[in-house]
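Q: Quick one: sequence plus predicted model below, questions after.
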Amino acid sequence: MATGTQRLFLTALLLALAVLQGGCTNLFFYPDSHVYITPDRLDLEYQDVFVDTPEGETLHGWWLPAQGKSKGQVYFLHGNAQNISSHIMNVAWLPGAGYDVFAIDYRGYGRSTGEPSLEGVLHDAESGLRWLVEAHGEEDTPVYLLGQSLGGALALMLASEWNQGEETPELAALILDGTFSGFRTIAREKLSAFWLTWPLQAPLSWTINDDYEGTDHIADISPTPLLIIHSTRDSIIPLHHGTRLYEAAEAPKQFLQTVTPHGATFVVPAYRKAVLEFMADARGN
C-alpha cells in the first residue's frame, strides 16, 4: 500500500505530466457528465435549455423560474469541477427569494458538447447571457451575474466586455464568490505549490494570454454595482485574490468577508441575506 509521501509524489507527478502535455488549460477544467442532483429533487420547477454557440457547440443549462413574481434574473456561472448538477445548491435558494435563475454548463461539462478551453468557455459565458436576454429579457427586469471561482473569473470578463460594448440591457450587478484575480496569476501560484512543477511556473504560466487578468479589467465594470465575496478560510483560492480584485475595482463596490470553505458561501443564511440586500439595493429597492 502506498504511503502518504508516495501518494503525494504520484499526485504531483501526474499533475506535472498533465500540465506538460496539455499546458495550463488542465489546471482550470475538471468536467464530468455525472448527474449529482436535479432541481426537481429540491422541489424546484425547471426547464432544460440548449444553447447553440457560434462555434457549433451545444450548451446545456437549467432555467429555474422564480416562485411568485420575479424580482430579476440571475445568470449563474459555476466553478471548474464536475457540472451544474453538483453546483445547483449554490443557487437553489434564489427562486424562493423571488429570482429567476439560469445556470449553464460550459463546453465539455455535463451534457454540453465539445472540449473546454479558455477561449471556448469565455465564449460560452457570453452565449448563455445572450440566450437569457433574448429568451427572457423584459423591460425593467434586472439581470445579475453571479460567478463562483472559475465562474467568477468568466463573469468578470463577460461583464467588462458587456459594459465596454454598451450592450443592452445594462447589468444590474456583478457578484463574485471566491474568484481568483487572474488566469495567469492563479496558474503560476498553483504550479509553484508542487516541487515538480515549481521550475515550470514561469514558462507555463506565460502560455496563458495576459488579456485575462481580472485585475486589469474589473475597473471597467463600473458603474455596475460589484459585490466581492471571499473567505478567510478559502484554501483553494486564498483571500488575497479577493482583496486584489476589490482594490483594483472602482465604486460602487462592496466586500463581504466570510468564514466558510471554498464554494460554501450560501450554506450560511446570513450570507444569503447579505447578497439579497445587495441585489435589492442594486435595483433601487
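A: Here it is on my side, so go on. Numbering: from 1, shown residues only.

Q: CA atoms for contacts and neighbours, from now on please.
A: Noted.

Q: Helices of the stretch 151-285 of the chain, residue ranges please.
A: 183-191, 201-205, 214-217, 239-248, 269-282 (DSSP state H, counting those that start in this stretch).

Q: which residues touch the last one?
A: The contact list for helix 269-282 (CA atoms under 8 Å, 6 or more residues apart in numbering) reads Ala172, Ala173, Pro225, Leu227, Thr258, Thr265, Phe266.

Q: same question, the shortest one
A: Defining contact as CA under 8 Å, 6+ apart, one finds that helix 214-217 is touched by Ala153, Leu156, Met157, Ser160, Phe180, Ser181, Gly182, Phe183, Arg244, Leu245, Ala248, Ala249.

Q: hang on, the earlier thing: so which of the helices of the stretch 151-285 of the chain gets nearest Trp93?
A: Shortest distance between Trp93 and these, using CA to CA, is found for helix 269-282: 8.6 Å.

Q: before we move on, which element is Phe102 in?
A: Assigned by DSSP states H and E, Phe102 falls within strand 99-104.

Q: Could you list the paired strands of that strand along with their orientation?
A: strand 58-64 (antiparallel), strand 72-77 (parallel) (DSSP bridges).

Q: For those, give me a markdown table that also has mean neighbour count and distance to Asp281.
A: Listed next are the strands paired with strand 99-104 as a markdown table, based on neighbours: other CA atoms under 10 Å; distance: least, CA to CA, whole Å:
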| stretch | mean neighbour count | distance to Asp281 |
| --- | --- | --- |
| strand 58-64 | 22 | 23 |
| strand 72-77 | 25 | 13 |
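
Q: Nearest to Val143 among those strands would be which one?
A: Smallest distance to Val143 across the strands paired with strand 99-104 (CA to CA): 4.9 Å, for strand 72-77.

Q: next helix or strand past that closest one?
A: Taking DSSP H and E, what comes next after strand 72-77 is strand 81-82.

Q: from the chain's centre, how far out does that following strand sit?
A: Remark: strand 81-82 is offset 12 Å from the chain centroid, using CA atoms, centre = their mean, to the nearest Å.

Q: From the contact counts, what lies against that strand?
A: Strand 81-82 is packed against strand 30-31, with contacts defined by 3 or more CA pairs under 8 Å, 6 or more residues apart in numbering; DSSP states H and E.

Q: Next, the residues that contact the strand it packs on from outside, please.
A: By CA under 8 Å, 6+ apart, strand 30-31 touches Asn80, Ala81, Gln82, Asn83, Gly108, Tyr109, Gly110.

Q: make it 6 Å
A: Residues outside strand 30-31 that contact it (CA atoms under 6 Å, 6 or more residues apart in numbering) are Asn80, Ala81, Gln82, Tyr109.

Q: ok, the nearest residue to His34 once chain neighbours are set aside - how many residues close by?
A: In space, and not counting its chain neighbours, His34 is closest to Gly110: 6.8 Å by CA to CA, 6 or more residues apart in numbering. Counted with other CA atoms under 10 Å, the neighbours of Gly110 add up to 22.

Q: if we can go back for a sec, by neighbours, which of the contacts of strand 30-31 wins?
A: Sorting the contacts of strand 30-31 by how many neighbours each has (other CA under 10 Å) puts Tyr109 first, at 25 neighbours.

Q: Identify the bridge partners of the nearest residue to it once chain neighbours are set aside.
A: Leaving out its chain neighbours, the residue that sits closest to Tyr109 by CA to CA, 6+ apart is Pro31, at 4.9 Å. Listed by DSSP bridges, the beta-bridge partners for Pro31 are Gln82.

Q: outside of stretch 136-143, which residues touch it?
A: The contact list for stretch 136-143 (CA under 6 Å, 6+ apart) reads Gly72, Gln73, Val74, Leu171, Ala172.

Q: now the helices: where do they sit in the stretch 1-150 of the chain?
A: Under DSSP H, counting those that start in this stretch, the stretch 1-150 of the chain gives helices at 4-22, 25-28, 84-87, 118-136, 150-164.

Q: Which of the ones you listed has the lowest mean pLDDT?
A: Of all the helices of the stretch 1-150 of the chain, mean pLDDT reaches its minimum on helix 4-22 (a mean of 46).

Q: now the strands paired with strand 99-104 in a markdown table, with mean pLDDT?
A: Listed next are those as a markdown table, based on pLDDT from 0 to 100:
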| stretch | mean pLDDT |
| --- | --- |
| strand 58-64 | 98 |
| strand 72-77 | 98 |
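
Q: Need the ones you listed in a markdown table (columns: distance to Val121).
A: As requested, these are exported to a markdown table (distance: least, CA to CA, whole Å):
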| stretch | distance to Val121 |
| --- | --- |
| strand 58-64 | 10 |
| strand 72-77 | 10 |
